[in-house]
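K.L.:
Attaching a predicted model along with its sequence, questions to come.
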Amino acid sequence: MTFGFTPSAAASKSGPSAVSAIPDSGQPPTRMLEPAEWSAAEIPLLRNPRDVVSGLHARHQPTPAMAVVAVLDQEERVRASASFARRSRVADGWVFRNALLAQLRRVIPHDLRRRTPVRTAVLLYCRDGDGRWTQEDGAWMWGLRDACTLHGLRCGAYITLTREGWQVVGEGRGGRRPSAGSRPEDLAGAEPPAPSRTGASASELLRRVSAR
């Protein structure tokens, strides 16, 4: 799979690595999407989800409670991506939306001036448990949809990564590899994740953003 990137002024200011915190809203998890609502939204299908998942896994090497948001062009090539750890104890779509939007603004310019979105954002979330839908998944789905609207992107697939493997929610497509505990595959064009920042607090060292 071929990886590419679109530089942005925001990304250049923040450098190759950036840090983002997800605040704890302290509110009940009311902003989420049920699987039926997600399916009704007619989220565009990935032509080759395994390639997308394997590429993001090789680049970011996510661990449980880590999210990877990526922007794909019309050829399904990754133009920019960012990974960060969840810190909120509450599964609230509004909190997740703000975290995703902050990452998108850092790594790629918005497309709000376009009448129709030409780029698609997908979200890979690594978590404990099995591949069955959870309320946490519903909150991430709500957050992804809203963040895409605010950044002028098409809302794409939401993918879970567990010890059992990966699964595209609402599509019934998945596989055993990669998984939350597997080693990254040796993919042509895939780059290692950016190193963690040093000289930061312990909480900052748990968060990593990689923009290409």
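P.N.:
Perfect, I can see it now. Residues are numbered from 1 along each chain as shown.

K.L.:
For the rest of this, base every contact and every neighbour count on C-alpha atoms.
P.N.:
Fine.

K.L.:
Could I get the full set of helices for the protein?
P.N.:
For the chain, the helices defined by DSSP state H cover 9-14, 35-40, 49-60, 93-107, 135-151, 202-205.

K.L.:
Export those as TSV, with columns for mean pLDDT and mean neighbour count.
P.N.:
Compiled in TSV, these are given as follows (pLDDT from 0 to 100; neighbours: other C-alpha atoms under 10 Å):
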stretch	mean pLDDT	mean neighbour count
helix 9-14	38	14
helix 35-40	91	14
helix 49-60	96	22
helix 93-107	96	23
helix 135-151	97	23
helix 202-205	32	13
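
K.L.:
I'd like these laid out as JSON lines, including distance to Pro184.
P.N.:
Below are the helices of the chain laid out as JSON lines (distance: least, C-alpha to C-alpha, whole Å):
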{"stretch": "helix 9-14", "distance to Pro184": "26"}
{"stretch": "helix 35-40", "distance to Pro184": "29"}
{"stretch": "helix 49-60", "distance to Pro184": "5"}
{"stretch": "helix 93-107", "distance to Pro184": "23"}
{"stretch": "helix 135-151", "distance to Pro184": "24"}
{"stretch": "helix 202-205", "distance to Pro184": "21"}
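
K.L.:
among the ones you listed, which is nearest Gly181?
P.N.:
Ranking those by proximity to Gly181 (C-alpha to C-alpha) places helix 49-60 first, at 10.7 Å.

K.L.:
hmm, back to that, closest one to Gly170 among the helices of the chain?
P.N.:
helix 35-40 (5.8 Å).

K.L.:
Flag the shaky bits of the protein, pLDDT-wise.
P.N.:
Along the chain, segments meeting pLDDT under 70 span 1-30, 186-212.

K.L.:
the strands in it, which residues?
P.N.:
Here the chain has its strands, by DSSP state E, at 66-72, 78-85, 120-126, 154-162, 165-168, 173-175.

K.L.:
Between the ones you listed, which one is closest to Ile43.
P.N.:
strand 154-162 (5.7 Å).
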